[in-house]
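>>> Below is the structure, and that's it, no one-letter string:
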């Protein structure tokens, strides 16, 4: 278990990214934002621009939709604070690329267990709703649920955010 690894979960527009950013902003040292989103349309481009503007200066942004383990190995070094937003977009990208999700998830877990910098991971909790009506959505939900459980087991802190309110599920309150 890594005390410098935090998993922040929540639903869409729950405030999870804002909370994760505040955890990194409060820590001394360089701040790296690893963005897993891919921009497919104008609406997504606007969302990304708003996120960047809201973060303000002082962040290095690295866009990486697929090789999250490699990017973390390069950037999550002692003294550096890394925010990954988000794991569920990363999973979506992997599924669209027809990647081996269990193998890629295992690579991520190995990397997270080995990195030495502070890492905060953001992800959408997708298991609170109804069972999806199609196989692709059920596979996505299942992959996300397994990944969340595995990352939570490694993390020193797990936070669930609802209505902008962080609830610590594991570890100390920051």
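It's in. From a predicted model like this one, the values you see are computed outputs, not experimental measurements.

>>> The protein: helices as residue ranges?
16-25, 42-55, 68-75, 87-96, 101-114, 135-154 (DSSP state H).

>>> Where does pLDDT dip in the protein?
Within the chain, the stretches with pLDDT under 70 are 1-3.

>>> Compare the helices of the chain and give me the one nearest residue 81.
helix 16-25 (4.6 Å; C-beta to C-beta). For every residue, glycine as well, the C-beta is placed using N, CA and C.

>>> For residue 26, give its distance to residue 134.
Look at residue 26 and residue 134: by C-beta to C-beta, to the nearest Å, they are 41 Å apart.

>>> and the residue nearest to residue 104 when sequence neighbours are not counted, how many neighbours?
Leaving aside its chain neighbours, residue 104 sits nearest to residue 94 (5.6 Å; criterion: C-beta to C-beta, 6 or more residues apart in numbering). Using other C-beta atoms under 10 Å, the number of residues around residue 94 comes to 20.

>>> got it, and the one 10 residues further on?
By other C-beta under 10 Å, 20 other residues sit near residue 104.

>>> Report back the residue of this structure that's furthest from centre.
Distance from the C-alpha centroid of the chain, by C-alpha atoms, centre = their mean, peaks at residue 133 (25.7 Å).

>>> if I look at it, how far off is residue 29?
Residue 133 sits 46 Å away from residue 29, going by C-beta to C-beta.

>>> same check, this time on residue 102
Here the criterion is C-beta to C-beta. By it, residue 102 lies 34 Å from residue 29.

>>> who touches stretch 110-119?
Identification of contacts with stretch 110-119 by C-beta atoms under 8 Å, 6 or more residues apart in numbering yields 2, 4-6, 24, 27, 29, 68-69, 72-73, 75-84, 121, 151, 154.
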